[in-house]
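Enquirer: fold the following, please.
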Amino acid sequence: MNKTNLSLLLVTVGLLAVMVASALPLLHIGVGIFGYIYATGAALLLVGRFMSQPGKGEPLRVRRLGRMEIWTALVFVAGAVFIFLPQASGRDWIAFTLAGGVLTLYTSIMLPRERAKALKK
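Expert: Numbering: from 1, shown residues only. Down below sits the predicted model:
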């Protein structure tokens, strides 16, 4: 398994773990363990994003979107931290999850578009 496939696997498993962990409290299932699943998914996502950085030969916009993907993973990590903080209100992690979801959606749309645009040049 090469580096690209491993990073894609880590990102996919990480995002799925974050999604499943976010749904557990809403369904009143596994309320005690959802934080650990969320944190594990955020950590896997962060490692996967660091592994899949665009190279120096990529256009500037693609490299910036790659860095934005790392920041998105860090937003999910911040959400995981707020799950475990005793002084947090208990719902702060939802805001970070929504922000990370919006950024993930944006980068997943724009990266293929920018890479296709760079290939046409």
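Enquirer: distance from the chain centre to the longest helix anywhere in the chain, please.
Expert: Looking across the chain with DSSP state H, the single longest helix is helix 92-120. Counting by CA atoms, centre = their mean, to the nearest Å, helix 92-120 is centred 10 Å from the centre of its parent chain.
Enquirer: so residue 25 touches residue 31, yeah?
Expert: Yes: look at residue 25 against residue 31 with CB atoms under 8 Å: they come within range, at 5.5 Å. Every residue, glycine included, has its C-beta placed from N, CA and C.
Enquirer: neighbour count: these two, which is higher?
Expert: residue 25 (18 against 10; other CB atoms under 10 Å).
Enquirer: can you name the next helix or strand after the helix or strand where that one lies?
Expert: Per DSSP states H and E, residue 25 falls inside helix 3-26. On the C-terminal side of helix 3-26, the nearest following helix or strand under DSSP H and E is helix 34-51.
Enquirer: pull out the buried positions in that next one.
Expert: Burial within helix 34-51, assessed by neighbour count using 16 or more other CB atoms under 10 Å, is assigned to 34-35, 37-49.
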